[in-house]
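[1] turn this into a structure:
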Amino acid sequence: MGTTPFVFDGNRMYAELGFVRPDGSTHRALAFVDMGSPSTILKESLFRELQLDRNKPLRFTVGNFPVDVPSGEVTSDRSKPRSLGSDLLVEGVLPARILERYQVVIDYRNRTLTLAEPETIKPTGVAVPFHLKPETGLIAVDALVDGKPYAVTIDNGSAYTWFRQDTVKGWLASHPEWERGVGAVGASNMMMSGDSAEVSGILVRVTEIVLGPLTLRLVGVLGAGPGRSPSPNLSLFDWYSTKNAVPVIGWIGGNVLKDFRLTIDYPHRLSYWSRQADPDPHDLDQVGLTLRSEGGQFFVESIARKNGAPTVEGVSPGDRLVRVDDLDTTKATWGAIYEALHGKPGETRKVVLERNGSRVTVEVKVTEF
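    Numbering: from 1, shown residues only. Below you'll find the model as predicted:
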């Protein structure tokens with residue numbers, strides 16, 4: 001069994017791992033922990049440093065716990081390692097396909113990740129069974145919303161809970177008061193891809209989602225549009241369902257999971273949920289900008305709307321976001337930008353924008369979504 005700290009940024013976790021070089025020395029780095037991805041990925045510089053291009057096996061440590069991965073199961077990424085403000089850079093992805101071999105504990109309050117061999121840990125918390133697709137490692141649980149059954153993925157790699165928009169629209173027909181606005185903001189704007197998934201996404205606050213004996217309350221959800229997917233023949237959610245053992249309507253993301261100590265007992269197909277914090281009904285009190293990320297820069301893709309009206313004046317789609325108060329966005333993480341645009345409804349933020357080659361400064365208000 002091994003335990004390591006993780007950095008928490010934008011509702012996502014980045015674990016400190018020790019990558020073992022062929023000479024036995026260690027390269028310390030952060031890895032994005034993603035229960036929604038089957039793929040082990042390393043930055044190309046680290047991939048070569050570990051001689052995986054020469055068919056050397058990958059070995060890394062979680063605390064003092066060794067994990068071995070055949071070189072053929074690891075791919076490289078040419079983009080540069082990035083900083084989250086710690087001494088370590090993000091240089092890899094620790095995916096579901098590796099996690100499924102173990103008992104896994106994610107302790108959000110204490111910011112630690114634990115991996116253990118099967119039968120090592122005695123789990124605590126409310127037990128919720130799950131479906132597992134061994135080929136990908138993704139897990140899905142049976143849920144009830146408004147008395148109707150659905151399957152949803154547990155995906156800590158996603159910053160926010162996203163469900164199919166047509167499903168969400170069905171709920172809103174019975175509960176129009178659940179709607180909070182249109183256009184992804186804050187952590188719900190987690191992909192920053194600029195496509196219909198976020199631009200036309202419907203923000204809702206679902207009163208209850210029931211997972212067997214566990215009830216999740218006041219769950220913030222983006223009813224995401226079809227969006228682009230890696231498969232040109234499938235919508236985003238249809239493609240995502242192919243990674244799961246059963247068809248799913250979407251995933252429960254970091255905005256919910258961060259309130260728990262979560263134990264995933266993969267061998268027994270059981271998850272255990274120990275609540276550590278109450279849900280935050282104000283997590284999407286944000287300046288209503290739906291952003292797009294491109295080449296390390298952030299652009300306004302659209303203005304979020306509430307009750308049919310735009311929530312921000314003086315900002316136009318296509319503007320480049322340069323600064324939010326004292327935050328320089330060129331050096332900021334996504335999580336830092338979410339936080340800078342967050343606040344109490346009615347508070348103002350000073351944003352500096354680049355528009356047609358000129359700098360524009362605008363006072364914008366936080367909206368309660």
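
[2] hey, what's residue 300 bridged with?
    Taking DSSP bridges as the rule, residue 300 bridges to residue 291.

[3] test my guess that it contacts residue 290.
    Yes - at 7.4 Å, residue 300 and residue 290 qualify as touching, with contact defined as Cβ atoms under 8 Å. C-beta coordinates here come from the backbone N, C-alpha and C atoms, glycine included.

[4] helices and strands around the helix or strand of the chain with the lowest mean pLDDT, which ones?
    Every helix and strand of the chain was ranked by mean pLDDT, DSSP states H and E. The lowest is strand 82-83, at a mean of 92. Strand 82-83 makes packing contacts with strand 89-95 when contacts are defined by 3 or more Cβ pairs under 8 Å, 6 or more residues apart in numbering; DSSP states H and E.

[5] now do the buried residues in the strand it packs on.
    89-95 (16 or more other Cβ atoms under 10 Å).

[6] please apply the same query to stretch 33-40.
    Neighbour-count burial for stretch 33-40 [16+ other Cβ under 10 Å]: 33-38, 40.

[7] quick one: contacts of that stretch?
    6, 13-15, 58, 69, 73-75, 92-99, 106, 113, 135-139, 153-158, 243, 251, 264 (Cβ atoms under 8 Å, 6 or more residues apart in numbering).

[8] let's see that with 6 Å instead.
    Residues from elsewhere that reach stretch 33-40 (Cβ atoms under 6 Å, 6 or more residues apart in numbering): 13, 15, 69, 73-74, 93-97, 136-137, 155-158.

[9] among these, name the ones in helices.
    Counting by DSSP state H, the contacts of stretch 33-40 place 96-97 in helices.

[10] which one of the contacts of stretch 33-40 sits closest to residue 126?
    In terms of Cβ to Cβ, no member of the contacts of stretch 33-40 lies closer to residue 126 than residue 156, at 17.4 Å.

[11] what's the local residue count around the closest one?
    Residue 156 has 28 neighbours, counted by other Cβ atoms under 10 Å.

[12] hmm, it is touching residue 256, no?
    No - using Cβ atoms under 6 Å, residue 156 makes no contact with residue 256, being 9.8 Å away.

[13] any idea how far residue 274 is from residue 125?
    Applying Cβ to Cβ, to the nearest Å, the value for residue 274 to residue 125 is 4 Å.

[14] over to residue 233?
    The value you get for residue 233 to residue 125, if Cβ to Cβ is used, is 40 Å.

[15] how is this structure carved up into domains?
    2-116, 126-275, 285-368 (automatic domain parsing).

[16] most tightly surrounded among those domains?
    Highest mean neighbour count of the domains of the chain: domain 126-275, a mean of 20 (counted as mean count of other Cβ atoms under 10 Å).

[17] what does the average pLDDT come to for it?
    What domain 126-275 shows for mean pLDDT is 97.

[18] chain center to that domain: distance?
    11 Å (Cα atoms, centre = their mean, to the nearest Å).

[19] quote the end-to-end distance of that domain.
    9 Å (Cα to Cα, to the nearest Å).

[20] could you point out which element follows the longest helix belonging to the chain?
    Counting residues, the longest helix found in the chain (DSSP H) is helix 165-174. Per DSSP states H and E, the first helix or strand lying C-terminal to helix 165-174 is strand 179-182.

[21] residue 317: which element?
    Going by DSSP H and E, residue 317 is not in any helix or strand.

[22] that one and residue 199: what is the separation?
    Distance from residue 317 to residue 199, by Cβ to Cβ: 9 Å.

[23] any residues in contact with both of the two?
    With Cβ under 6 Å, 6+ apart as the test, residue 317 and residue 199 both reach residue 302.

[24] thinking again about what came up before, what strands line up against the least confident helix or strand of the chain, and which way round?
    By DSSP bridges, strand 82-83 pairs with strand 89-95 (antiparallel).

[25] just give me how far the partner strand sits from the chain centre.
    Relative to its chain's centre, strand 89-95 lies at 14 Å (Cα atoms, centre = their mean).
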